[in-house]
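S.K.: Return atomic coordinates for the entry below.
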Amino acid sequence: MQTKVYKSGSVVYFAGDPSDRIYILKEGQAQSIFLSEETGYETREPINVGEFFGVKSLLGVYPQEDTVQCLSDCVIIIITYEEFENLVSKNKSIIIKMLRVFSNQLRRLNKNVRNLVEKEEDEEGPNQLEGLYNIGEFYFKNQKFKNALYAYKRYYQIADENSSFYHTVENKIKACKEKLNITDDSDIAPPLK
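M.R.: Okay, the predicted model is just below:
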C-alpha cells in the first residue's frame with residue numbers, strides 16, 4: 001500500500017486508463033467525472049472520505065469508466081490487486097462496506113433504467129426512436145460497440161426509411177459489426193411496418 005498526496009486540480013486517473021489499482025480517499029475532496037448513460041452528458045459525483053474508487057474496473061478487468069479529479073489537496077491510499085486480496089481476506093468489514101456501495105449503485109442504476117423504460121413506454125414514435133438513437137450514440141462514442149449495436153438494431157427494426165436517423169443507423173450498424181468482427185448480416189431485421 002502506498003499513500004500519495006495529490007494537489008488540488010490533479011487527476012488521479014482518466015477514463016480509459018488501464019485499471020491496475022484501487023484507491024481510497026483518505027483526506028480532501030474529489031469527484032468522479034463520467035458520461036451518464038441516462039442523459040449522455042458529463043456527470044460529476046463527489047467521492048467521500050473513506051470511499052473506495054476504481055474498484056469496479058479492476059475487478060471487472062476493464063479500463064476506467066470515469067475520470068477522478070481532486071477538488072482540494074487530497075491524500076489517497078493506492079492499493080494493488082494483490083494487496084487488496086490480502087486486505088479483504090483479513091478484514092470482512094471492508095467487503096461489507098464495498099457491498100453497500102455497490103448495492104446503492106445498483107439501486108440507483110435500476111431506478112434510472114426503470115425511469116427510462118417508463119418514459120419510453122409513455123412516449124410514442126419519434127421520441128422513442130430518438131431515445132434509442134441517443135443510447136446507441138452514447139455507447140458508440142464510448143466504444144461499447146456491442147451495446148451500441150443492440151440499440152441501433154432496435155431503432156432499425158422500429159423505424160421506417162423516413163425516420164430522422166434511419167440511414168445513419170444503417171451505417172452505424174455496419175461500423176459496430178466491423179469493430180466487433182461480425183461478418184453475418186442476416187440478423188439485421190427489416191424495419192417493422
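S.K.: where does this protein have its least confident helix or strand?
M.R.: helix 92-122 (a mean of 68; mean pLDDT, DSSP states H and E).
S.K.: elements contacting the following helix or strand past it?
M.R.: For helix 92-122, the succeeding helix or strand toward the C-terminus, using DSSP states H and E, is helix 126-141. Counting contacts by 3 or more Cβ pairs under 8 Å, 6 or more residues apart in numbering; DSSP states H and E, helix 126-141 is packed against helix 92-122, helix 145-158, helix 166-179. C-beta coordinates here come from the backbone N, C-alpha and C atoms, glycine included.
S.K.: what's the closest non-adjacent residue to Val68?
M.R.: Of all residues not flanking Val68 in the chain, Val12 sits nearest, at 4.2 Å (Cβ to Cβ, 6 or more residues apart in numbering).
S.K.: pLDDT value on that neighbour, please?
M.R.: In this model, Val12 is scored at 96, pLDDT.
S.K.: quick one: contacts for the residue nearest the centre of the chain?
M.R.: The centroid of the chain falls nearest to Glu65 when counting by Cα atoms, centre = their mean (5.4 Å). For Glu65, the contact set (Cβ atoms under 8 Å, 6 or more residues apart in numbering) comprises 15, 34, 56-57.
S.K.: That one should be in a helix, yeah?
M.R.: No: secondary structure of Glu65 (DSSP: H, G, I helix; E, B strand; the rest coil): coil, not part of a helix.
S.K.: Could you list the low-confidence segments of the protein?
M.R.: By pLDDT under 70, the weakly predicted segments of the chain are 37-39, 105, 109-110, 112-127, 184-193.
S.K.: Domain-wise, how is it divided?
M.R.: 2-117, 123-179 (automatic domain parsing).
S.K.: and the ones you listed, which is most packed in?
M.R.: Highest mean neighbour count of these: domain 123-179, a mean of 17 (counted as mean count of other Cβ atoms under 10 Å).
S.K.: gap between that domain and the chain center?
M.R.: Taking the mean of its C-alpha atoms, domain 123-179 sits 18 Å from the chain's own mean (Cα atoms, centre = their mean, to the nearest Å).
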